[in-house]
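Chemist: Okay, here's the prediction I keep looking at, along with the sequence it came from:
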Amino acid sequence: MKRLALIALLALAACKEEQVAAPDPIDLTPDALSFFCQMNIAEHGGPKGQIHLEGYPTPLFFAQVRDMVAYLKSPERDAKITAVYVSDMGVAPNWRQPGISNWIAADSATFVVGADVAGGMGAREVVPFADPEDAEAFILRYGGAALPLNDIPDTEVLGPVNLDLILETPA
């Protein structure tokens with residue numbers, strides 16, 4: 001009987017997955033570089049993103065949320081993703097200064113997709129908000145649709161950038 005109880009206890013322990021707490025977001029610093037282009041993020045307006053990878057001491061920063069979502073959709077990654085954060089543009093000081101510590105978890109954000117606004121690198125941006133009402137107010141002014149992270153279409157982030165589009169840079 002003792003042996004059976006021990007086997008059951010070991011089986012239960014083996015089934016229990018260890019949950020690791022997600023790392024906290026890192027404040028954006030003036031010397032942070034964008035992952036894809038290695039350009040200084042502070043020199044580009046619009047919302048930003050950061051992705052934390054298992055085993056890496058610092059996150060990957062992105063000058064545009066569009067680029068961050070493209071990385072998430074890519075099958076080629078350096079390590080397991082442990083956390084993803086985006087700028088909450090509902091509380092950002094302005095478009096040019098999206099904030100250094102107003103990060104929200106990307107999986108709880110509402111994203112405005114298809115708005116006529118240019119992100120930090122000039123491409124159409126995917127704009128995150130913590131409050132869906134802020135997203136709706138943005139849509140009334142700039143167009144687009146509100147979507148959760150997992151519903152952002154590949155064509156919005158992986159397709160070619162049309163530089164002939166006239167996109168606004170919000171105030």
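Modeler: That came in fine, so what should we check first? Computed from a prediction, not measured in an experiment: that's the story for all the values here. Residues are numbered from 1 along each chain as shown.

Chemist: and the helix or strand where Y71 lies, what does it pack onto?
Modeler: Y71 belongs to helix 65-73 when assigned by DSSP states H and E. Helices and strands touching helix 65-73, by 3 or more Cβ pairs under 8 Å, 6 or more residues apart in numbering; DSSP states H and E, are strand 49-53, strand 60-62, strand 81-87, helix 154-157. For every residue, glycine as well, the C-beta is placed using N, CA and C.

Chemist: want to try TSV for these, with mean pLDDT, mean neighbour count and distance to D116 as columns?
Modeler: Formatted as TSV, the helices and strands packed on helix 65-73 follow (pLDDT from 0 to 100; neighbours: other Cβ atoms under 10 Å; distance: least, Cβ to Cβ, whole Å):
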stretch	mean pLDDT	mean neighbour count	distance to D116
strand 49-53	96	23	21
strand 60-62	95	23	21
strand 81-87	97	22	19
helix 154-157	92	15	13
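
Chemist: Now do the helix holding Y71 against strand 49-53, angle only.
Modeler: 30 degrees (axes from the mean of the first three to the mean of the last three Cα atoms, to 10 degrees).

Chemist: related to what we said a few turns ago, out of the helices and strands packed on helix 65-73, which is closest to A130?
Modeler: strand 81-87 (9.3 Å; Cβ to Cβ).

Chemist: And the contacts of the closest one?
Modeler: When contacts are defined by Cβ atoms under 8 Å, 6 or more residues apart in numbering, strand 81-87 is touched by residues 20, 22-23, 25, 47-54, 59, 65, 68, 72, 98-99, 102-107, 109, 128, 149.

Chemist: Could you turn the buried ones of those into a PyMOL selection?
Modeler: Those of the contacts of strand 81-87 that count as buried under 16 or more other Cβ atoms under 10 Å are selected in PyMOL with:
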select buried, resi 23+25+47+48+49+50+51+52+53+59+65+68+72+98+99+102+103+104+106+109+128+149
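
Chemist: Could you list which residues are in contact with A123?
Modeler: Q64, R66, V161.
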